[in-house]
Each structure stands twice: as structure tokens, then as C-alpha cells.
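Peer 1: Take a look and give me a structure for this.
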Amino acid sequence: MFGTFCRSLRAALLSAGTPMVLSQMGRVQRPTSNPRILKIRRHKIKKMKRKKRYKKYWYQYQRRHAVKKAKNEAKFRQRMNEMLDEMRNFEPLDYVKQTMRMAKWEWHSAVAPTGRKKYPHWSTLMSLEELFGLEPGTHIDKRYGLPSLEERPLVDKLQEDYRKLYWVEDSVAMVAQRRAEGMQMLLERSDGGRTADVQKELQNSKSGENAEHGKR
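Peer 2: I've put the predicted structure just below:
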């Protein structure tokens, strides 16, 4: 009976996850592994080894840093000397003349802005007649369909007439006009159900909308 009680108590303690386990012999057994404790110990060991390594190779590290610092200092002094020499040898007049010469240059690059190779356009390699495979004596008028100097005023006048007659800039007026036209069509298609009073009311509503639009 007592053994059964001990076994049940041991199972309850194990299920609860307590750090201490009561064995059947009545002794306390501590867990053999603890991940958190092992992680802390591992970090301490790494820290101790790192300090030991720094202490052992401290002079080598200092010598390496000194060499690296000396190289950087030498490169910096070299760049500064080059800039000072360029400043001493600078001639403003020559610089202006060189800038003017560069402004007159015609730049030709074989590389596109993206960095890829830029191929020539087909118009630089062949004519339009050769592109369509026409006979050698055939000529294509490149200005075909474009108005001439004599026809240009007539085209401008036609465009102006179209804007005056068909172009509606105000959407409100356009909607009111279409609504009135639709109601007029319904009156014409009706079988006499619309009277003269209805037509008069329609005209009054149309004039009221136009007056309201004029106020806006």
C-alpha cells in the first residue's frame, strides 16, 4: 500500500515538472541536465577562453593594428599630396578653354544608359523603301497625309468649328442637354398622352437649368 502511494507521488511530481524528484528509496535526486545552466556555463567558458587568448596574443594584435594604421596613414598622405599638386598646377584659363572645347564635342556612346550594348537604329542602316521591299525606283513620301502650308489654315478653321459645334467642356450642361433631348424623344414617340402643358413645363425646366448653370 505504501509502495503504491510512493509510486503515485513520484508520478505526480514528475508530471508537475519540479526540479527535484522523490525516488522510491526516499532520497532526493536532482536532474542530470538543465539547458539553461549549461548555456550559461558555455558562455562563461567562451568568455574565459577569449580573455585568455587576448592576453596571450596581445602584442601580436597591437602590432597588426599598428601596421594597418600606418598603411592607411600612408594612403591618406599620398592622396593629399596628389590633391595639393593638382591645386598648385591648376590654371583657370586652361580649365575654361578645356570646358569650352568639351561643350562643342559630339558625344557618341555605344552603350545604353542601362549599361547594355546599344545597337544602331534600322533607319541608319536602310531606307524606308528597302524596309518594305519595294523596287529601287520607288519613293515613299514621308509627309503623306500631313497638311501643306496652303491647307493648314483650312484645317485650323475646321478644328475651330468642331470645337464650337460639338465640343462640350462643361459636363453639367452636357448632361442637361442630353436629358432634354431624351424627354423630347419620349414626347414625340408617345401616342398623344402628353399635352401642351407638359411640353410647356419641360421648356420651363430646361430654361431653369440653363439659368442655374449660368449662375454657377
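Peer 1: Check the spatially closest residue to residue 112 that is not a sequence neighbour and give its pLDDT.
Peer 2: Using C-beta to C-beta, 6 or more residues apart in numbering and skipping the chain neighbours, the partner closest in space to residue 112 is residue 118 (4.4 Å). For every residue, glycine as well, the C-beta is placed using N, CA and C. At residue 118, the pLDDT value in this model is 81.
Peer 1: these two touch, right, residue 118 and residue 111?
Peer 2: Yes: counting by C-beta atoms under 8 Å, a contact exists between residue 118 and residue 111, whose distance comes to 5.8 Å.
Peer 1: the more surrounded of those two?
Peer 2: Taking other C-beta atoms under 10 Å, residue 118 and residue 111 do not tie; residue 118 has more neighbours (13 against 9).
Peer 1: Now do the residue nearest to residue 112 against residue 102, distance only.
Peer 2: Here the distance between residue 118 and residue 102 works out to 22 Å (C-beta to C-beta, to the nearest Å).
Peer 1: Give me the domain ranges for this structure.
Peer 2: The chain breaks down into these domains under automatic domain parsing: 1-32, 35-102, 152-189+197-215.
Peer 1: Mean confidence (pLDDT) on the first one, please.
Peer 2: Mean pLDDT, computed over domain 1-32, is 59.
Peer 1: now do the longest one
Peer 2: Domain 35-102 carries an average pLDDT of 95.
Peer 1: Give me the distance between the two termini of it.
Peer 2: In domain 35-102, first residue to last residue: 72 Å (C-alpha to C-alpha, to the nearest Å).
Peer 1: same check, this time on stretch 139-155
Peer 2: Terminal residues of stretch 139-155 lie 27 Å apart, using C-alpha to C-alpha.
Peer 1: Let me see the residues that make contact with it.
Peer 2: Around stretch 139-155, the neighbours that count as contacts under C-beta atoms under 8 Å, 6 or more residues apart in numbering are 128-129, 132, 134.
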